[in-house]
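Asker: Just a sequence and a predicted model for now, questions to come.
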Amino acid sequence: MARCAALKPDGTPCARIVEASQEYCYAHDTRHQEARSRAASKAARSKPRRELQALRKQVSKLYDEVYSGEVEPKAGAVLTQITNTQARLLELERKLKETEELEERIETLEQAQQQGAGSSRWQA
Ligand SMILES: [Zn+2]
């Protein structure tokens, strides 16, 4: 059986078995690597991800500013409350999107089932 032609990070050969038509295993195939990094960068560009990154940046900036005395602790506490609200809204938005996606999938399944039931009635 053929083995993957790639080397592992430590310099030893990859031990994964590949099909005769393939030179590299899934992990080392550059075509898959491109697809994976495309998928990863697409996820990084997504709106919820960007908003989460912005919020995280805002929190660590606030931390630094309160710690250094640039922002009064009292103001820092209020800003933290606002940040918490923003985080809750983000979470709410995510849940809502998830629910909508599930509803859509269930609807599609129900339609497929109804069509299936209809055709079997005609066959009986
Ligand atoms: Zn490999």
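Answerer: Nice, I can see it. Keep in mind the model is a prediction, meaning the values are calculated, not measured.
Asker: what sits up against the lowest-mean-pLDDT helix or strand in the chain?
Answerer: Ranked by mean pLDDT, DSSP states H and E, the weakest helix or strand in the chain is helix 30-45, scoring a mean of 77. Helix 30-45 is contacted from outside by 24, 26, 49, using C-beta atoms under 8 Å, 6 or more residues apart in numbering. In this view, the C-beta of every residue, glycine as well, is placed from N, C-alpha and C.
Asker: Most neighbours out of the residues you listed, which is it?
Answerer: Tyr24 (17 neighbours; other C-beta atoms under 10 Å).
Asker: tell me the SS of that residue?
Answerer: Tyr24 carries the three-state label coil when classified by DSSP: H, G, I helix; E, B strand; the rest coil.
Asker: for the protein, which spans come out with low pLDDT?
Answerer: Counting by pLDDT under 70, the chain shows low-confidence ranges at 117-124.
Asker: how about the strands in it?
Answerer: Assigned by DSSP state E, the chain shows strands spanning 2-3, 17-18.
Asker: Who are the packing partners of the last one?
Answerer: This points to strand 17-18. On a contact count with 3 or more C-beta pairs under 8 Å, 6 or more residues apart in numbering; DSSP states H and E, strand 17-18 meets strand 2-3.
Asker: how about the strand it packs on, does it reach the ion?
Answerer: No. Strand 2-3 stays clear of the ion (C-beta under 5 Å from the ion), getting no nearer than 8.1 Å.
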